[in-house]
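> Give me coordinates for this.
(one chain, ligands or ions: 1)
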Amino acid sequence: MTHPPRLNAARLGGLPAAIERPTYDRGRVRSGIVHLGIGAFHRAHQAVYTEDVLKSGDLAWGIVGASLRSPDTRDALVPQDSLYTIAVRETSGETLRVVGSILDVVVAPEDPEALIARMSDPDVAIISLTVTEKGYCHDPATGRLDEAHPDVVHDLANPQRPRSALGFITAAIARRRAAGTRPFTVMSCDNLPANGQTLKGILTRFADLVSPELGRHVREAISFPDTMIDRIVPATTDADRSHIAGALGLTDAWPIMTEPFTQWVIEDRFVSGRPAWEKFGATLVEDVAPYEAMKLRLLNGSHSALSYLGYLAGYQTVAEAIADEAIAAYVAALMEDSTVTLTLPEGADVAGYKRSLIERFRNTALKHRTWQIAMDGSQKLPQRLLGTIRDRLARGLPVERHALAVAAWMRYVTGVDEAGEPIDVRDPLAAEFRALADAAGRDAEKLVAALMGVRAVFGEDLASNATFVKAVTAALASLFDKGAKATVASYG
Ligand code: CS2
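This is a model prediction of the structure:
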């Protein structure tokens with residue numbers, strides 16, 4: 001098969017007229033942002049808001065992307081001048097746009113010094129991150145730095161050759177401070193509760209371990225806005241690549257597939273300025289917490305429940321799972337149960353929000369795999385499900401539906417599906433879960449006791465809460481006996 005020529009700056013003019021593209025002079029754009037974790041989510045979200053800022057004529061905010069692990073994104077993007085396509089898909093059709101806000105991509109492990117140098121450039125005012133939950137090297141149950149994490153241990157011993165986001169940010173802060181360069185803002189765009197404040201706590205502790213003066217400097221000079229970020233971005237497939245090549249007449253090695261919906265709520269706390277993202281749809285507020293709890297508990301909580309139950313029931317994608325009316329009814333009821341725990345943003349139409357979530361999940365043009373969302377459950381459960389469970393228990397409310405989602409996660413991490421086939425469980429604690437599951441066998445009571453003993457996920461309180469333990473055990477026993485489809489039907 002012959003491929004069409006590669007997308008690049010020189011070929012932009014030949015794109016079909018309907019495809020939006022950069023209209024500003026990319027050669028004049030300065031690098032105001034270094035983004036750590038240049039994955040699909042960033043390219044569908046922050047990079048697009050920033051593209052609109054550049055198009056409006058403010059050229060101070062180009063993005064240098066960094067991969068903290070693999071060279072794949074750099075290898076895909078740099079040969080095409082870091083340009084890429086975003087395909088906004090809905091059941092009725094698709095809109096394409098070529099984005100130019102990313103100027104360059106660097107691969108941290110190949111040359112850690114080069115990344116520290118980029119981050120220390122005086123033009124840089126913001127370091128942003130999408131490194132996923134596990135990239136924070138923290139204890140998910142408490143939100144504190146995990147000082148025994150191998151990357152933390154490594155980075156404290158090798159401050160000039162770090163591996164983790166924490167190590168790179170700290171090295172750049174120290175270097176800028178020594179050079180008298182203005183401080184930057186550190187903006188987390190991951191799905192963590194109070195992501196800015198949580199990162200501040202983790203990073204300050206890390207810097208304190210480097211030196212108390214550096215810790216003080218981080219506390220006083222660096223700002224960490226909280227953000228709520230929302231857009232569904234399934235992993236790109238080879239079928240997507242061929243489809244985009246056909247539409248562009250050019251090969252894009254890594255186009256991004258996403259939905260029309262996009263939302264960004266940002267705490268306005270930037271020590272060295274920021275792009276006017278609010279002109280292009282972002283909401284700047286003083287307190288992100290109500291938006292974030294609503295999104296994490298309703299969208300992501302439902303997503304995790306759908307992914308474990310859906311996977312076990314044999315559904316490949318979220319759209320397939322939610323098309324099962326028993327699952328749809330369960331998810332709607334789960335969201336109702338979560339809603340009472342929320343302090344809503346002023347003027348929020350929560351009923352409309354929940355309806356729109358179900359619609360978004362039903363988008364059949366997005367092939368969002370249940371397996372993709374099921375990844376890293378140990379890092380996701382606390383903020384998506386367990387916080388809601390704690391709040392309901394404290395009010396004496398039943399927790400059966402949320403317990404079913406937790407039980408489905410437990411059933412999933414046993415690593416064997418309902419047909420006896422292996423499940424490729426991706427999680428930093430996957431091996432530990434598998435060993436606990438193998439020892440417990442199909443005994444729900446034993447498995448619940450073993451997994452709830454993992455304090456990094458469940459904390460100190462939940463394992464000794466009889467109401468919760470009983471609810472999870474009953475749900476898990478039913479999942480083992482009757483399977484996910486039959487079980488979910490009795491929880492709607
Ligand atoms: C998903 C999220 O993979 C997951 O865990 O729940 O990536 C989700 O699609 C986004 O948070 C939506 O904004």
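
> Quick one: name the residues of the stretch 151-300 of the chain near the ligand.
191, 230-232, 299-300 (Cβ under 6 Å from any ligand atom). Heads up, the C-betas are built off the backbone N, CA and C, glycines and all.

> hmm, try it at 5 Å
Within the stretch 151-300 of the chain, the positions adjacent to the ligand are 230, 232, 300 by Cβ under 5 Å from any ligand atom.

> mind listing what the last one touches?
Which is N300. Contact partners of N300, counting by Cβ atoms under 8 Å, 6 or more residues apart in numbering, are 191, 380, 383-384.

> For these, give me CSV that also has secondary structure and pLDDT.
Formatted as CSV, those follow (DSSP: H, G, I helix; E, B strand; the rest coil; pLDDT from 0 to 100):
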residue, secondary structure, pLDDT
N191, coil, 96
K380, helix, 97
Q383, helix, 96
R384, helix, 98
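
> For the residues you listed, pick the one with the most neighbours.
K380 (28 neighbours; other Cβ atoms under 10 Å).

> Could I get the CA-only coordinates of stretch 159-175 as PDB?
C-alpha atoms of stretch 159-175 as PDB (Å, rounded to 0.1, in the frame of the first residue of the first chain):
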ATOM      1  CA  PRO A 159      18.600  15.900  40.600                       C
ATOM      2  CA  GLN A 160      20.200  16.800  37.300                       C
ATOM      3  CA  ARG A 161      19.100  13.600  35.500                       C
ATOM      4  CA  PRO A 162      15.500  13.200  36.700                       C
ATOM      5  CA  ARG A 163      12.800  10.800  35.400                       C
ATOM      6  CA  SER A 164       9.600  12.100  37.000                       C
ATOM      7  CA  ALA A 165       7.600  15.200  36.400                       C
ATOM      8  CA  LEU A 166       8.400  16.200  40.000                       C
ATOM      9  CA  GLY A 167      12.100  15.900  39.400                       C
ATOM     10  CA  PHE A 168      12.000  18.000  36.200                       C
ATOM     11  CA  ILE A 169       9.900  20.700  37.600                       C
ATOM     12  CA  THR A 170      12.000  20.900  40.800                       C
ATOM     13  CA  ALA A 171      15.300  21.000  38.700                       C
ATOM     14  CA  ALA A 172      13.900  23.800  36.600                       C
ATOM     15  CA  ILE A 173      12.700  25.800  39.500                       C
ATOM     16  CA  ALA A 174      16.100  25.600  41.200                       C
ATOM     17  CA  ARG A 175      17.900  26.600  38.000                       C
END
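
> gap between the closest residue to the ligand within the stretch 101-250 of the chain and F261?
Here the stretch 101-250 of the chain gets closest to the ligand at one residue, D230, 3.9 Å apart by Cβ to the nearest ligand atom. Distance, D230 to F261, using Cβ to Cβ, to the nearest Å: 7 Å.

> neighbour count winner among the two?
D230 (19 against 15).

> For L129, see how far away that one is.
For D230 relative to L129 (Cβ to Cβ), the value is 16 Å.

> repeat for V29
21 Å.

> now swap in G39 and tell me
11 Å.

> Hmm, E259 and the residue of the stretch 101-250 of the chain closest to the ligand touching each other?
No: when contacts are counted by Cβ atoms under 8 Å, D230 is not listed as touching E259 (9.9 Å).

> Show me which of G39 and L129 is the more surrounded one.
A count of neighbours by other Cβ under 10 Å puts L129 above the other of G39 and L129, at 25 against 18.

> Mind listing the residues bridging to the nearest residue to V29 once chain neighbours are set aside?
Spatial nearest neighbour of V29, excluding adjacent residues (Cβ to Cβ, 6 or more residues apart in numbering): G62 at 3.8 Å. Beta-bridge partners for G62, by DSSP bridges, are S31.

> right, and G62 touches H35 too?
No: counting by Cβ under 8 Å, H35 is not a contact partner of G62; they are 10.6 Å apart.

> Could you give the residue of the stretch 251-400 of the chain that lies closest to the ligand?
H303 (3.6 Å).

> list the contacts for the closest residue to that residue other than its chain neighbours?
Nearest residue to H303, sequence neighbours excluded (Cβ to Cβ, 6+ apart): I373, at 5.2 Å. With contact set as Cβ under 8 Å, 6+ apart, I373 has these partners: 303-304, 306-307, 318.

> What are the boundaries of the strands in this protein?
31-36, 62-67, 84-90, 93-99, 102-107, 126-129, 138-139, 144-145, 185-188, 227-230, 256-258, 263-267, 283-285 (DSSP state E).

> neighbours around F41, how many?
21.

> Check the one 10 residues further on too.
Each residue near E51 was counted by other Cβ under 10 Å, and the total is 25.

> So it versus S223, what's the distance?
In terms of Cβ to Cβ, E51 sits 24 Å off from S223.

> quick one: buried residues of stretch 460-469?
When burial is assessed from 16 or more other Cβ atoms under 10 Å, stretch 460-469 yields the following buried residues: 462-463, 465, 467-469.

> what about it, start to end distance?
End-to-end distance for stretch 460-469, by Cα to Cα, to the nearest Å: 13 Å.

> nearest spatial neighbour of G100, skipping sequence neighbours?
P22 (3.3 Å).

> For the one you found, report the pLDDT, please.
Looking at P22, its pLDDT is 98.

> before we move on, what about H42?
98.

> what sits against it?
Contacts of H42 by Cβ under 8 Å, 6+ apart are 35, 65, 128, 130, 189.

> Would you point out the most distant pair within those residues?
G65 and C189 (12.9 Å; Cβ to Cβ).

> more neighbours, the two?
Between G65 and C189, counting by other Cβ under 10 Å, G65 is the more crowded of the two (27 against 22).

> All good on my end, thank you.
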